[in-house]
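Colleague: Provided below for reference: sequence and predicted model.
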There are 2 protein chains.
Amino acid sequence: DLDGCFDDWNDLEKEFVQLENDHKTYQKKLDEMVTYQKKCMASIAHHRYRIKQINETLKKINLANIAEEEKEKVTKLKNDMSERKSVFRDMEEILPHKNGLYLSIILGSVNISLLNKADKFQYKQNYEKFKLTVTYVVMFLSAFMHFITEYRWTDAVLNFLLVWYYCTLTIRESILVVNGSRIKGWWLTHHFISTVCAGITLIWPDSLTYQLFRKQYIFFTLYLSCVYVMQYYYQSGCLYRMRSLGEGHDMDITVEGFMSWMWKGLAFLLPFLFLGYVFQFYNAYTLYQLSRLPECKEWQVIVLAVIHFILFAGNLVTTLHVLRQKIQS
Amino acid sequence: DLDGCFDDWNDLEKEFVQLENDHKTYQKKLDEMVTYQKKCMASIAHHRYRIKQINETLKKINLANIAEEEKEKVTKLKNDMSERKSVFRDMEEILPHKNGLYLSIILGSVNISLLNKADKFQYKQNYEKFKLTVTYVVMFLSAFMHFITEYRWTDAVLNFLLVWYYCTLTIRESILVVNGSRIKGWWLTHHFISTVCAGITLIWPDSLTYQLFRKQYIFFTLYLSCVYVMQYYYQSGCLYRMRSLGEGHDMDITVEGFMSWMWKGLAFLLPFLFLGYVFQFYNAYTLYQLSRLPECKEWQVIVLAVIHFILFAGNLVTTLHVLRQKIQS
Ligand SMILES: CC(C)(COP(=O)(O)OP(=O)(O)OC[C@H]1O[C@@H](n2cnc3c(N)ncnc32)[C@H](O)[C@@H]1OP(=O)(O)O)[C@@H](O)C(=O)NCCC(=O)NCCS
Ligand SMILES: CC(C)(COP(=O)(O)OP(=O)(O)OC[C@H]1O[C@@H](n2cnc3c(N)ncnc32)[C@H](O)[C@@H]1OP(=O)(O)O)[C@@H](O)C(=O)NCCC(=O)NCCS
């Protein structure tokens, strides 16, 4: 038995030599990789700069004064340059990206780039799952609170959860954006504003106006979490199909199939979304009315009215804009 | 001028071929690096598993029954194994690390490893600077609030800032821990609890008890931010000297020099820290007295009393423990 141990250890010693070599090779490969990474990034920056300069020179030239033949060459040059730019964007898929201001403040100068498609997909999927899980918790909590009216601290728990949740969303979405997601700026802003909204609701003192708005607010939260669940099924469906399309390994899915699935999903989802926006507008309206009551002494009421209105307007405009884009393409 | 543009573009086209090749090489190096990375990680895990098994077998063997010579071999084996483990820790310095539960929830499955010493140092330094900046803001705000007693919303701003600040600290510190910082678990827990503490203070209704505690709380915040500034100079001083020691490029600094600097810094800092702990205890005591007033109807008061007491006790015990460790070594 003791001899067995010594034998095992001797075996391990031999394997360890291999590991040491692998580790040395790894260090070498890592250094080489970083060298080439820096080289590519510097080179792309240089090309971008030069292209910008060419563009500026072109702008200064009066095109009316030159021959037809030259004009064609200029058009071709411009096309080439914009094509080149999109090549750079493709190249940057596997290069690290700079954190924006928000991530630099929250996380500091750490590199959060995902350098391949599989990781990106997994990250996005994980993000959707996270949203779904927290949404179920919020749904459960707000349904539960419909029956509890006595305890202000359960309201505090819900609002704390919402502050934390929206805050975490903004972090994860910023990471997605750094890694090339085309998520519209408004949805990110939306989650920032929602954080503030939940925060202000949290510190709203337990007054008459609070009591008058509480039921509506809880019902709104409940409704919103139901919409988010539907949105999850739509968005994760899109994600899966996009991936199959992109990898091309699944011949069942064509671009047309994807489009028809997407429109079916949207047709189901949109009525609920628009009803949600109407609800948001109604919230703003109710809060505005409350703020005009003589009993209302809290600054939170009118501020929340404005915030709910901003959320309503931004959501409506952005969703309509997305729809127009989808119809056009 | 137009010809200049075409020439420039032709030059760029030639350079672009080089960039394309570099990019291809980069992709290759990246893939190779990832392959070796996985190999090393799997191999280390395998070694760890085998060593654990050997250790378990050794435990089962009755050492009283074996010859003296064998015993020596067993001792040597044990030494070898624990040495090997520390070799693994060194190897892991440049391998990616798994996120803990907290980071997985906040950031998701993104890799936040810093794979070289310079990045680690820079990250830590950035973290200390971040703390200093926010501390100055907190100091300014709480000094300002000493003169303003009318507006509850400035209190809300301060407490929101604190919630956000402590929350961000926990994220950054978790990243530090993943990258090998030896920061004690308590300081992380401390910032979690401080987040909760600021959150509960935030939702404390504007009652008699709140008014009675407000001045003391603001003064405490002010005092704490002064202590944090001192702590910053101590900790960033340690960091710089540690780095110079580690890199060995700066011959002015010896281990003895570092130790003497550290003790001088500590001797200056510790009285202020202990005064801070006494202050925390006093806060807990005051809150406990307030919670016994017949006018006190808020659950926040007694909960905050308990939290301040926990902070006091944890800080005191941990700092004493750190001191004992430092004296022993
Ligand atoms: C309108 C809507 C269904 C369109 O979704 P879509 O088809 O994915 O839209 P796009 O094609 O513009 O998506 C582009 C990217 O943004 C992401 N995205 C779109 N809307 C998002 C949202 N609300 N939150 C997070 N990400 C979103 C998509 O996942 C996609 O990411 P990718 O580039 O990584 O693949 C979607 O934007 C939506 O659900 N909006 C409503 C949100 C809302 O109003 N919430 C409040 C409810 S009252
Ligand atoms: C006692 C004290 C001065 C010792 O500092 P130190 O000499 O750096 O302590 P250690 O040697 O144990 O440090 C180990 C690591 O933990 C870090 N660390 C120690 N205390 C820390 C703290 N309070 N916050 C964040 N990081 C801390 C160090 O920077 C070091 O990091 P590294 O491994 O990346 O180099 C320090 O822990 C301290 O300031 N504690 C007081 C905090 C406090 O009580 N705050 C409330 C005020 S009332």
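Modeller: Received, thanks. Ligands and ions are numbered 1, 2, ... in the order given.

Colleague: CA only for contacts and neighbour counts going forward, please
Modeller: OK.

Colleague: Close to ligand 1: what parts of the stretch 51-200 of chain A are there?
Modeller: Along the stretch 51-200 of chain A, the residues adjacent to ligand 1 under the rule Cα under 6 Å from any ligand atom are A:181, A:182, A:183, A:184, A:187.

Colleague: Now the third one: phi and psi?
Modeller: Dihedral angles phi and psi of residue A:183 (degrees, to the nearest 10) take the values phi -60, psi 130.

Colleague: Do you know the pLDDT at the residue found closest to it once you drop the neighbours it is linked to in the chain?
Modeller: Nearest non-adjacent residue to residue A:183, counting by Cα to Cα, 6 or more residues apart in numbering or on different chains: residue A:177, 6.9 Å away. The predicted structure scores residue A:177 at 92 on the pLDDT scale.

Colleague: what's the neighbour count on residue A:177?
Modeller: Counted by other Cα atoms under 10 Å in any protein chain shown, the residues lying close to residue A:177 total 17.

Colleague: Same check on residue A:98?
Modeller: For residue A:98, using other Cα under 10 Å, the count is 15.

Colleague: hang on, it packs against residue A:178?
Modeller: Yes - judged on Cα atoms under 8 Å, residue A:98 makes contact with residue A:178 at a distance of 7.2 Å.

Colleague: Give me the neighbour count for residue A:172.
Modeller: Using other Cα under 10 Å: residue A:172 sits among 22 other residues.

Colleague: Whichever strand or helix holds residue A:24 near chain B at all?
Modeller: Under the criterion DSSP states H and E, the helix or strand holding residue A:24 is helix A:2-60. Yes - for a cut-off given as Cα under 8 Å from any Cα of the partner chain, helix A:2-60 has contacts with chain B, namely A:2, A:5-6, A:8-9, A:12, A:19, A:22-23, A:25-27, A:29-30, A:32-33, A:36-37, A:39-40, A:43-44, A:47, A:51, A:54, A:57-58.

Colleague: could you say what helices and strands whatever helix or strand comes next after that helix packs with?
Modeller: Next along the chain after helix A:2-60, taking DSSP H and E as the criterion, comes helix A:68-91. Helix A:68-91 makes packing contacts with helix A:2-60 when contacts are defined by 3 or more Cα pairs under 8 Å, 6 or more residues apart in numbering or on different chains; DSSP states H and E.

Colleague: angle of the helix it packs on against helix A:68-91?
Modeller: With axes from the mean of the first three to the mean of the last three Cα atoms, to 10 degrees defining the directions, helix A:2-60 sits at 160 degrees from helix A:68-91.

Colleague: Any idea how many residues pack against residue A:84?
Modeller: Close neighbours of residue A:84, defined as other Cα under 10 Å, add up to 17.

Colleague: before we move on, what about residue A:64?
Modeller: Counted by other Cα under 10 Å, the residues lying close to residue A:64 total 8.

Colleague: quick one, helices of the stretch 51-200 of chain A?
Modeller: For the stretch 51-200 of chain A, the helices defined by DSSP state H, counting those that start in this stretch cover A:68-91, A:101-107, A:117-145, A:152-178, A:185-203.

Colleague: For the shortest one, give the mean pLDDT please.
Modeller: When you say that, I think you mean helix A:101-107. Across helix A:101-107, the average pLDDT comes to 91.

Colleague: That helix: which residues count as buried?
Modeller: Residues of helix A:101-107 classed as buried by neighbour count (16 or more other Cα atoms under 10 Å in any protein chain shown): A:103, A:106, A:107.

Colleague: ok, stretch A:137-153 near chain B or not?
Modeller: No - Stretch A:137-153 stays clear of chain B (Cα under 8 Å from any Cα), getting no nearer than 9.0 Å.

Colleague: Quote the end-to-end distance of that stretch.
Modeller: 17 Å (Cα to Cα, to the nearest Å).

Colleague: tell me how far that stretch is from the chain's mean position?
Modeller: When C-alpha coordinates are averaged (Cα atoms, centre = their mean, to the nearest Å), stretch A:137-153 and its chain have centres 28 Å apart.

Colleague: Now do the contacts for the residue nearest the centre of chain A.
Modeller: Compute the mean C-alpha point of chain A, and by Cα atoms, centre = their mean the closest residue is residue A:173, 3.1 Å away. Residue A:173 sits next to residue A:188 when contact means Cα atoms under 8 Å, 6 or more residues apart in numbering or on different chains.
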